[in-house]
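Trainee: Need a 3D model of the following:
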Amino acid sequence: MFQKTKVTDEIRLMAAYDSPAAEEMPMFAENRVHQRSSGNPYPNKVVMRVDRAHRSEKPFRIITLENEYLKIELMPELGGRIYAAMDKRTGYDFFYRQHVVKPALIGLLGSWISGGLEFNWPCHHRPSTYMPVDVQVEEEENGAVTVWMSENEPLNRMKGMVGVRLCPGEARFDTRMKVYNGTPARHSFLWWENAAVPVNEQYRLVFPPDVHYVQFHYRKNVTEYPVASGVYNGIRMGDGTDISYHKNTHQPTSYFCAATKYDFFGGYDEGKRCGVVHVADRHVSVGKKMFTWAYNQLSRSWERALTDTDGAYAELMASSYSLNQPDFAWLYPYESKEFSQMWYPVGDGGAPFCACREAALSVESGRLRLQASVPLRDAKLIVNGAEHRFTAGPEQSFDLPLSEEIAAFQLVDNRGKTLLRYEKPVENELKEMPETIPDNPTTDQLKSAQ
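Mentor: Next up, the predicted model:
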């Protein structure tokens, strides 16, 4: 029997640089660009500079959720973010852990920090990065605990809530979202969960097995995946560059995942033999993306701007209601939406090639390994028509020797419910890459107001 999830609320001293005061005069900036969309901050004040002369130990409120396998730390005073997430089985921080609060001028209102998991809404990067959120702890009879972090965002005063939920005996956690437009006007919004991950030359991007191309912002560029070629976002890929490996991207860029019939993506460090998986309903969480500073002078400059000792990071980003950026959805007057996503760590076994909420599967060195995020008792794995019964859980993986390539498999629980189904993509069934979206015409080419 698992013990209930433990929740603690403490004040912790952390190294932090000062964030200068915001400019008193309002900024009327209708044409200002922020993350490739409108960056007009009015009526909010904007921080216009950084302070690198004053670093000290400062108190921050940290709320921690912990069970047998995971330790999730939340920081409600800085925008309501996940500060850190650790797999207790391996000691691996599957999100990038910052050991200093070092703001740089990336946020819509100026100061922004890297690390952990940022809940980007109603635009990038969350305007309230340096604003506190309200907090409520909800305990369930089954021992699960949800920490709700809530705000009325500073742009249009819409209400946004995220509940980070951790259950006993599970090596996974949920993020549950509620957004509400309590105004009489419709407003645009997006929701991207922005997970910073620690990267190096052995880190791999993991997209589903049927993904064969990626796109850039605005769908202005497209290239093959995982082996890219040609020119992508001004980057010469050559005749064949495996962009799933972080080391092979040398200029800052973004890779937006093509349409897929699977609900997952993630990242994996082949050196540390650890990684992270994201799972969400693909019909709602339609966008999957990696952003990287890559390896060049600009990346080193931003590393110095955002951290003192913690090194490089990239961003694994998962949307709800947005396929690309800066795609926005709408909240109509008094409309609300509720949706959810999930994250969990994986360990030794190799980069996952397929995953669901309950398990991630990898193939390496002639074996298939199933790593379960929850107990799976007397479950069934049907591989190429052959049935294999097994029991697995967060502390017990299931290994199966392979004598042939996997053409299809099906994961079924002990109640007969299919949890995951895989079929090897057929080359001639892969869709052609889409055309890029053309630039807007110049005014002399416009034929109508539309």
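Trainee: Low-confidence stretches in the protein?
Mentor: Within the chain, the stretches with pLDDT under 70 are 1, 428-431, 450.
Trainee: can you rerun that using 90?
Mentor: 1-2, 23-43, 124-125, 218, 238-240, 326-327, 349, 425-450 (pLDDT under 90).
Trainee: how close does the residue nearest the centre of it get to L190?
Mentor: The residue lying closest to the centre of the chain (Cα atoms, centre = their mean) is M317, at 3.3 Å. M317 sits 11 Å away from L190, going by Cβ to Cβ, to the nearest Å. C-beta: built from backbone N, CA, C; applies to glycine.
Trainee: Which neighbours do those two have in common?
Mentor: Listed as contacting both M317 and L190 by Cβ atoms under 8 Å, 6 or more residues apart in numbering are N120.
Trainee: quick one: contacts for S319?
Mentor: S319 neighbours (Cβ under 8 Å, 6+ apart): L190, W191, W192, E193, S285, V286, G287, K288, K289, D327.
Trainee: what does E423 give?
Mentor: Residues near E423 by Cβ under 8 Å, 6+ apart: A407, A408.
Trainee: Could you rerun that using 7 Å?
Mentor: Applying Cβ atoms under 7 Å, 6 or more residues apart in numbering to E423 gives the contacts A408.
Trainee: who's it bridged to?
Mentor: Beta bridges link E423 to A408, judged by DSSP bridges.
Trainee: element containing the closest residue to Q35 other than its chain neighbours, please.
Mentor: In space, and not counting its chain neighbours, Q35 is closest to H124: 3.6 Å by Cβ to Cβ, 6 or more residues apart in numbering. Using DSSP states H and E, H124 sits in no helix or strand.
Trainee: isn't H124 right up against R36?
Mentor: No: H124 is beyond contact range of R36, at 8.3 Å (criterion: Cβ atoms under 7 Å).
Trainee: between these two, who's got more neighbours?
Mentor: For H124 versus R36, neighbours defined as other Cβ atoms under 10 Å are more numerous around H124 (23 against 14).
Trainee: Tell me how far that one lies from Y180.
Mentor: Going from H124 to Y180 by Cβ to Cβ gives 20 Å.
Trainee: Return the members of the contacts of S319 classed as buried.
Mentor: Buried members of the contacts of S319, counted by 16 or more other Cβ atoms under 10 Å: L190, W191, W192, E193, S285, V286, G287, K288, K289, D327.
Trainee: Can you tell me which of those residues is closest to V383?
Mentor: The shortest gap between V383 and any of the buried ones among the contacts of S319 belongs to K288, at 26.0 Å (Cβ to Cβ).
Trainee: follow-up on the earlier one: and the residue nearest to the centre of the chain, how far is that from A379?
Mentor: M317 sits at a distance of 31 Å from A379 (criterion: Cβ to Cβ).
Trainee: do the same with P76
Mentor: Separation of P76 from A379 (Cβ to Cβ) stands at 38 Å.
Trainee: All the helices of the stretch 51-200 of the chain, residue numbers only.
Mentor: Taking DSSP state H, counting those that start in this stretch, the stretch 51-200 of the chain contains no helices at all.
Trainee: I figured V145 hits V164, correct?
Mentor: No: using Cβ under 7 Å as the test, V145 is too far from V164 to be in contact (9.0 Å).
Trainee: So what's the residue count around the nearest residue to W191 once chain neighbours are set aside?
Mentor: Nearest residue to W191 in three dimensions, chain neighbours excluded: S320, at 4.4 Å (Cβ to Cβ, 6+ apart). Neighbour count for S320, taken as other Cβ under 10 Å: 24.
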